[in-house]
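S.K.: Sequence plus the predicted model coming up.
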Amino acid sequence: MRLLASTGPLFARPLDWALGVVAEAGYDGVELMVTQDPATQEPERVAAAAATEGIAVPVVHGPFLLLTRRVFGTDLVEKARRSLELASDLDADLMIVHPPFRWQREFHQWLLREGDAEAEEQGTRIGVENLYPVSVAGRPVRFHRYTEPDHLRSFRHVVLDTSHFGVADIDITAAYRRLREQAVHLHVSDNRGGGRDSHAPLGHGRLPLASFLSEVGEDAKLPDGPRASITLELDCRRYLDDRSALVGYLRQEREKCVALLDGAPAEEVLGRPDVVAIAPGAHEDDPDQPTVPPLNP
């Protein structure tokens, strides 16, 4: 099973530096997050950096974040098409998109009717990722179209994000079972609760990742079973100023994931039961809070 790390959490550092860190941590490749940095947008520069650092780029995440809303233009269909071209030029077999907002009908219809055929012409695939409701005045409001498993049933290829399902308070294993035949890729991280997309280290949240990953691993062993690849999409900010600590952190999380895919118990790998009422890391740093200093400056 292919196990990748996302360059998204490392966007504040040069791309070649990020690729080198992921390679040293022992991953099978990277999921390239397209950002404002031209080095992530130009296939020749990405390919050259990947060759130098000795790592593959099999997955491209298009620039669908708020911070990248103007990258490749603001028209979502054209943004997706340019991202498909980049994926094709890199021989990546998957390009990931975020769901449109509920009022963005043109992109929604393109994904349903034309996107897969255009991706196939480019020799790649489109993976549609789940997002989550946003808390407004203490109440969840669904701005994005696809936040629940059934919202993704119409798509040929889907990308399931465990932290996003955690924010939406959706059972990650039930969601995987519902979509296992369409789930070509998984974004794996823990979630601390509180309505925040924490992308926490494995075991530092409240998600039942041991049973979830064990089931994914068992499916991968079946002759004709689903073979979703995995990206560990983790908050790395506290380690960005200490390269050796960052490499160690990413290696540690990779090793946890491999052990859980092999069926190791949560207590042994994560140091907590698989099902918990309160996340062990509920009061730790997350993306909505200030960055803390490196643990080993």
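M.R.: Yep, that arrived.

S.K.: what does stretch 9-16 contact?
M.R.: Here stretch 9-16 makes contact (CB atoms under 8 Å, 6 or more residues apart in numbering) with 7, 17-18, 21, 33, 35, 37, 39-40, 45-46, 49, 52-53, 199, 233-237, 240. C-beta here means a position set from N, CA and C on the backbone, and glycine is covered the same way.

S.K.: out of those, which are inside helices?
M.R.: Under the assignment DSSP state H, the contacts of stretch 9-16 contribute 17-18, 21, 45-46, 49, 52-53 to helices.

S.K.: List buried residues within those residues.
M.R.: 18, 21, 46, 49, 53 (16 or more other CB atoms under 10 Å).

S.K.: Now flag whichever of the residues you listed is closest to V59.
M.R.: V46 (12.1 Å; CB to CB).

S.K.: show me the contacts for the residue nearest the centre of the chain.
M.R.: Among the residues of the chain, the one closest to the centroid is H187, at 3.4 Å (CA atoms, centre = their mean). Shown in contact with H187 (CB under 8 Å, 6+ apart): 6, 129, 159-164, 230-231, 233.

S.K.: at 10 Å instead, please
M.R.: H187 makes contact with 4, 6, 8, 31, 61, 96, 127, 129-130, 159-165, 199, 230-234 under the criterion CB atoms under 10 Å, 6 or more residues apart in numbering.

S.K.: Can you check the pLDDT for it?
M.R.: We have a pLDDT of 98 for H187.

S.K.: Which members of the contacts of H187 occur in helices, if any?
M.R.: 162-165.

S.K.: Now render those as CSV, adding neighbour count and distance to R82.
M.R.: Below are the ones in helices among the contacts of H187 laid out as CSV (neighbours: other CB atoms under 10 Å; distance: CB to CB, whole Å):
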residue, neighbour count, distance to R82
T162, 27, 28
S163, 27, 27
H164, 26, 24
F165, 26, 29
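
S.K.: still on that earlier bit, spatially nearest residue to the residue nearest to the centre of the chain (excluding sequence neighbours)?
M.R.: Nearest residue to H187 in three dimensions, chain neighbours excluded: D161, at 3.9 Å (CB to CB, 6 or more residues apart in numbering).
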